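Undergrad: okay, structure incoming, though there's no sequence with it:
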């Protein structure tokens, strides 16, 4: 590992330690003074965790590429113990993002012409930071390192993946953005399923069943897809089944989960005033309870 370009500088080793620590659910502290000392710390941290050696190989693939990962794999295989550790969710309510998902997104971004040079990556970071409402710092030294920093910044914010696709659409065009959006849609769900309580889910399902005869499943799917920045939604699901499906999906940058937006959109599609009031009232009560009333107000103004 000491021969890898991604660990030559302290900043690169620190980033790898951060990502490895996230995957292992434990902090990894490096002094950043000596290359070999830091690399030994990374390897020991991986080997001390069940399945950590596989995660380490995966991260080398992310940061350095397939060839380096293939070279490392037989060296670390004798230490293989078990499957990588699984986590039900992090402290912020997110499951750990699989290394494979980070790799797919990083590969897609690394191939874009708009990120080929340092200035382009800094411009991308500035636009993405504006979308995520937080600054993104890049060193601008290595393409791969900067791309991973962009991916991590997006994944650390609810709905950030979709903001990532939006910036690609701005700087690279529709086809590249559509390809990235497809990777996101087919990737793992990043929110834990408990975004709503059981009682809240039951209340929504009761409202949807009551209004089923006046609610078009096709119109609900199509309008909700627009609300979710073009997210591909499954075809042919009833409103109840579509609600269950979006429960697993990422919240939007404004903090409103797709499941709540589905209820809001349903309230606008039903014809009965009673059902409209019940659905809209549920959304308002949920937003008030979670401190997202202002986000809901802005969202309604844009619908």
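TA: That came through fine. Quick caveat: nothing in here was measured; it's all calculated off a predicted structure.

Undergrad: what about the helices in the stretch 51-200 of the chain?
TA: 52-64, 66-76, 99-110, 118-132, 143-155, 160-171, 174-185, 198-210 (DSSP state H, counting those that start in this stretch).

Undergrad: taking helix 99-110 as reference, get the angle to the fourth one.
TA: Here helix 118-132 runs at 120 degrees with respect to helix 99-110, directions being taken by axes from the mean of the first three to the mean of the last three CA atoms, to 10 degrees.

Undergrad: show me what contacts residue 148?
TA: 15, 19, 62-63, 102, 106 (CB atoms under 8 Å, 6 or more residues apart in numbering). For the C-beta atoms, the positions are set from N, CA and C on the backbone; glycine is no exception.

Undergrad: let me see the domain layout of the chain.
TA: Per automatic domain parsing, the domain ranges recorded for the chain read 5-79, 99-185, 193-302.

Undergrad: how much space separates the residue nearest to residue 230 when sequence neighbours are not counted from residue 229?
TA: Spatially, and ignoring its direct neighbours in sequence, residue 230 is nearest to residue 181 (6.5 Å; CB to CB, 6 or more residues apart in numbering). In this view, residue 181 and residue 229 are 8 Å apart by CB to CB, to the nearest Å.

Undergrad: shared neighbours, the two?
TA: By CB under 8 Å, 6+ apart, the residues touching both residue 181 and residue 229 are 162, 165.

Undergrad: of these two, which one has the most company?
TA: Set residue 181 next to residue 229 and count neighbours by other CB atoms under 10 Å: residue 181 wins out with 22 against 17.

Undergrad: and stretch 27-37, how far out from the chain's middle?
TA: Put simply, stretch 27-37 sits 28 Å off its chain's centre (CA atoms, centre = their mean, to the nearest Å).

Undergrad: do the same with stretch 252-259
TA: Using CA atoms, centre = their mean, the offset of stretch 252-259 from its chain centre is 12 Å.

Undergrad: span of that stretch from start to end?
TA: Chord length of stretch 252-259, first to last residue, is 11 Å (CA to CA, to the nearest Å).

Undergrad: could the domains of the chain be laid out in TSV, adding mean pLDDT?
TA: Output for the domains of the chain, formatted as TSV (pLDDT from 0 to 100):
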stretch	mean pLDDT
domain 5-79	87
domain 99-185	89
domain 193-302	88
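
Undergrad: and the closest residue to residue 55 other than its chain neighbours, how many neighbours?
TA: In space, and not counting its chain neighbours, residue 55 is closest to residue 23: 4.7 Å by CB to CB, 6+ apart. By other CB under 10 Å, 25 other residues sit near residue 23.

Undergrad: residues of the helix or strand hosting residue 23 that come out buried?
TA: Residue 23 is located in helix 10-24, with elements delineated by DSSP states H and E. Neighbour-count burial for helix 10-24, counted by 16 or more other CB atoms under 10 Å, picks out 12-13, 15-17, 19-20, 22-24.

Undergrad: same question, stretch 50-57
TA: Buried residues in stretch 50-57 (16+ other CB under 10 Å): 51-57.

Undergrad: surely residue 45 meets residue 21?
TA: Yes - with contacts counted by CB atoms under 8 Å, residue 45 reaches residue 21, the gap being 7.5 Å.

Undergrad: joint contacts of these two?
TA: residue 28.

Undergrad: regarding residue 235, what is its secondary structure?
TA: Classification of residue 235 by DSSP: H, G, I helix; E, B strand; the rest coil places it in coil.

Undergrad: what's the local residue count around it?
TA: 9.

Undergrad: for residue 176, same thing?
TA: 19.

Undergrad: lovely, talk soon.
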